[in-house]
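*Asks:* Quick one: sequence plus predicted model below, questions after.
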Amino acid sequence: MNREQDHVLVVAEAGVNHNGDINLAHKLIDVAAEAGADIVKFQTFHAESVISACAPKAAYQQKTTETDESQLDMVRKLELPEEDFVALKKHCDERGIVFWSTAFDLASVDFLHNLGLKLWKIPSGEITNLPYLRKIGQYQDEIVLSTGMATLGDIETALSILEHAGTQRKSIMLLHCTTEYPAPLEDVNLHAMQTVRNAFPGIRGVGYSDHTEGIEIALAAVAMGAQFIEKHFTLDKQMEGPDHKASLDPQELTALVTGVRHVCTALGDGIKKPTAIEMQNRIVARKSLVASTAICKGELLGEHNMTVKRPGSGISALRWDEFCGQKAERDYNVDELI
């Protein structure tokens, strides 16, 4: 995460939206790069090591995939062999976008470590996986920890495990997340992102892993201080698979990246002062003391012969009381600046 402090990292989450097809995975990299995302992220796993044969599918997965298959059957079809990730990383390097992948089992952690990964994504479902947390913590690399389904106590426990394993808290970023696809707006609770930031001083920062439809909630998160935005995307929302319908299409991903950059620019430095362009407009918009009638030299100034009008290039209207009762130093025509 070697970026400027005020640069919000945008992660285009390809996840398993390649449907187990390496060619689709390569196309997803191209889309993410063309959209201007900082990182494109996949998921690395050995299905049998992650999911038991009796594990049920989530309700949203039952709606978007075959109803008569198990979660293991569904995920097995989405698995890519390790050699494919080597090729995907090479493609990312060629396109100038950072390759990233979430490991879901210990063997995949080893593989990604050997591949040179120095930034780890811990998904929400692994926040209570002690062996997994301890293994990643031992590398003492930077970590992004998603907190979907978690309490503050769950987060504190995970941070403690990572710290005891060797990773400093200042190397860990926490992502607020709602684990549902798509996430209903009433369940998003963006204020919780700020709660997490305040509850865990010393962390690297906070971000938002967005599972809502559209891009507006992710942009709101940036306005609220998210330093990291993660969002699923797909080549086509109508493709078969568990996550496509809750993902952005290529045009929406581009709009998200553009929107994040615009929001970051608009946030500014927080110092309340006139900008350079405002200084030009201040003369046009503000008002000065002006003669409301013809005034002769020596005449007393007051409400009967003085008013305030644009432009603001003369004596400021704030000095009204100072000039009321003074003698005019010269003759003034109507509308002439005092």
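*Replies:* Nice, thanks for sending it over.
*Asks:* Could I get the contacting residues of the residue most central in space within the chain?
*Replies:* Closest residue to the average C-alpha location of the chain: residue 229 at 3.1 Å, with C-alpha atoms, centre = their mean. Contacts for residue 229 were tallied using C-beta atoms under 8 Å, 6 or more residues apart in numbering; they are 8-11, 207-208, 210, 218, 221-222, 256, 260. Heads up, the C-betas are built off the backbone N, CA and C, glycines and all.
*Asks:* moving C-terminal of whichever strand or helix holds it, what's the next helix or strand?
*Replies:* Per DSSP states H and E, residue 229 falls inside strand 228-232. Secondary structure here is assigned by DSSP H and E; on that basis, the next helix or strand after strand 228-232 toward the C-terminus is helix 250-267.
*Asks:* elements contacting that following helix?
*Replies:* Counting contacts by 3 or more C-beta pairs under 8 Å, 6 or more residues apart in numbering; DSSP states H and E, helix 250-267 packs against strand 9-15, helix 22-35, helix 216-223, strand 228-232.
*Asks:* Could you name the residue of the chain that is farthest from its center?
*Replies:* Among the C-alpha atoms of the chain, the one most distant from their mean position (C-alpha atoms, centre = their mean) is that of residue 298, at 64.6 Å.
*Asks:* show me the contacts for the closest residue to residue 50 other than its chain neighbours.
*Replies:* On the basis of C-beta to C-beta, 6 or more residues apart in numbering, the spatially nearest residue to residue 50 that is not a chain neighbour turns out to be residue 104, at 4.8 Å. Contacts were defined as C-beta under 8 Å, 6+ apart; by that measure residue 104 touches 43-45, 49-50, 123, 126.
*Asks:* Show me which of those are buried.
*Replies:* 43-45, 50, 123, 126 (16 or more other C-beta atoms under 10 Å).
*Asks:* Same list (the residues you listed) but as JSON lines, adding secondary structure, pLDDT and distance to residue 252.
*Replies:* What follows is the buried ones among the contacts of residue 104, written out as JSON lines (DSSP: H, G, I helix; E, B strand; the rest coil; pLDDT from 0 to 100; distance: C-beta to C-beta, whole Å):
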{"residue": "43", "secondary structure": "strand", "pLDDT": "98", "distance to residue 252": "21"}
{"residue": "44", "secondary structure": "strand", "pLDDT": "98", "distance to residue 252": "25"}
{"residue": "45", "secondary structure": "coil", "pLDDT": "97", "distance to residue 252": "27"}
{"residue": "50", "secondary structure": "helix", "pLDDT": "94", "distance to residue 252": "29"}
{"residue": "123", "secondary structure": "coil", "pLDDT": "98", "distance to residue 252": "23"}
{"residue": "126", "secondary structure": "helix", "pLDDT": "98", "distance to residue 252": "28"}
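*Asks:* Show me which of those is closest to residue 272.
*Replies:* Of all the buried ones among the contacts of residue 104, residue 272 sits closest to residue 123, with 40.3 Å by C-beta to C-beta.
*Asks:* residues contacting that closest one?
*Replies:* Residue 123 makes contact with 102, 104, 146 under the criterion C-beta under 8 Å, 6+ apart.
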